[in-house]
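**Student:** Let me see the structure of the following:
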Amino acid sequence: MPVEHGESSPAPLLPLSSAPPSKLPPLQPGHTQPTSLDHGLFLLSAAVTGQMTLEQHPREVSVQEGNEITFECNMRGDDMTKYYMYWYRQDPWGAPECIWRGRYTYGEGFQDGFEGSIDESKNRFTLQVLAAKPEDAATYYCGARITLEQLCSKVNQKPKR
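**Tutor:** Have a look, this model is predicted:
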């Protein structure tokens with residue numbers, strides 16, 4: 001249907017998909033591994049390290065361009081205060097990019113448009129995409145490490161609000 005003069009058409013929904021979680025063998029402490037390498041905007045994959053598990057939500061989501069979405073990662077089987085928490089994304093053609101590490105540390109190019117937070121009382125950390133864009137199409141991963149390593153090689157501090 002054509003759009004009349006003065007009317008605006010709604011923003012298209014950005015397509016999303018998710019593969020069912022697979023069973024992975026436990027990994028050595030401090031390593032993360034996604035359960036899926038399928039792609040789609042905001043496709044989430046769980047990571048496993050030893051006895052500790054990270055559960056990501058939502059598994060599938062559709063969002064209109066410009067809208068906000070929040071991803072949640074819950075730690076089960078251990079205390080989150082022992083770990084450094086991370087959010088990454090990977091598009092189908094590239095290497096993983098570090099979006100967020102810890103409280104106010106963001107990967108290069110991610111200081112604007114993303115907001116990470118930690119709720120240690122609930123063993124949960126989140127990532128907000130403040131205004132979804134088509135170039136945000138990727139697989140998003142949460143991860144945890146016991147040691148701080150240069151997983152985010154170029155990082156920038158974001159001031160506290």
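**Student:** what are the ranges of the strands in this structure?
**Tutor:** Assigned by DSSP state E, the chain shows strands spanning 13-14, 41-45, 47-49, 52-57, 63-64, 69-76, 84-90, 97-101, 105-107, 114-119, 124-129, 138-145, 155-157.
**Student:** Return the member of the ones you listed having the minimum mean pLDDT.
**Tutor:** Between the strands of the chain, the one with the least mean pLDDT is strand 41-45; it has a mean of 39.
**Student:** which ones are touching the closest residue to R103 other than its chain neighbours?
**Tutor:** Among residues not flanking R103 along the chain, I118 sits closest, at 6.4 Å (CB to CB, 6 or more residues apart in numbering). For glycine as for every other residue, the C-beta is placed from the backbone atoms N, C-alpha and C. Contact analysis of I118 by CB atoms under 8 Å, 6 or more residues apart in numbering lists M80, M85, G102, R103, R124, F125.
**Student:** could you dump those residues to CSV with neighbour count?
**Tutor:** Shown next, in CSV, are the contacts of I118 (neighbours: other CB atoms under 10 Å):
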residue, neighbour count
M80, 21
M85, 23
G102, 17
R103, 13
R124, 17
F125, 26
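**Student:** of the residues you listed, closest to H57?
**Tutor:** Taking CB to CB as the measure, H57 lies nearest R124 of these, at 9.7 Å.
**Student:** what bridges to the closest one?
**Tutor:** Beta bridges link R124 to N74, D119, judged by DSSP bridges.
**Student:** contacting residues for it?
**Tutor:** Contacts of R124 were listed using CB under 8 Å, 6+ apart, and they are E72, C73, N74, M75, M80, I118.
**Student:** ok, so what distance separates the last one from Q64?
**Tutor:** Spelled out, it's I118. 28 Å (CB to CB, to the nearest Å).
**Student:** ok, now the fourth one?
**Tutor:** Counting by CB to CB, the gap from M75 to Q64 is 31 Å.
**Student:** Between the two, which has more neighbouring residues?
**Tutor:** M75 (23 against 12; other CB atoms under 10 Å).
**Student:** my read: that one touches Y83, true?
**Tutor:** Yes: if you go by CB atoms under 8 Å, M75 and Y83 touch, sitting 7.4 Å apart.
**Student:** shared neighbours of the two, anything?
**Tutor:** With CB under 8 Å, 6+ apart as the test, M75 and Y83 both reach M52, A144.
**Student:** Tell me which of the strands of the chain is the most buried.
**Tutor:** Highest mean neighbour count among those (mean count of other CB atoms under 10 Å): strand 41-45, with a mean of 25.
**Student:** still on that earlier bit, out of the contacts of R124, what pair is the most spread apart?
**Tutor:** Farthest pair in the contacts of R124 (CB to CB) is E72 and M80. Separation: 12.8 Å.
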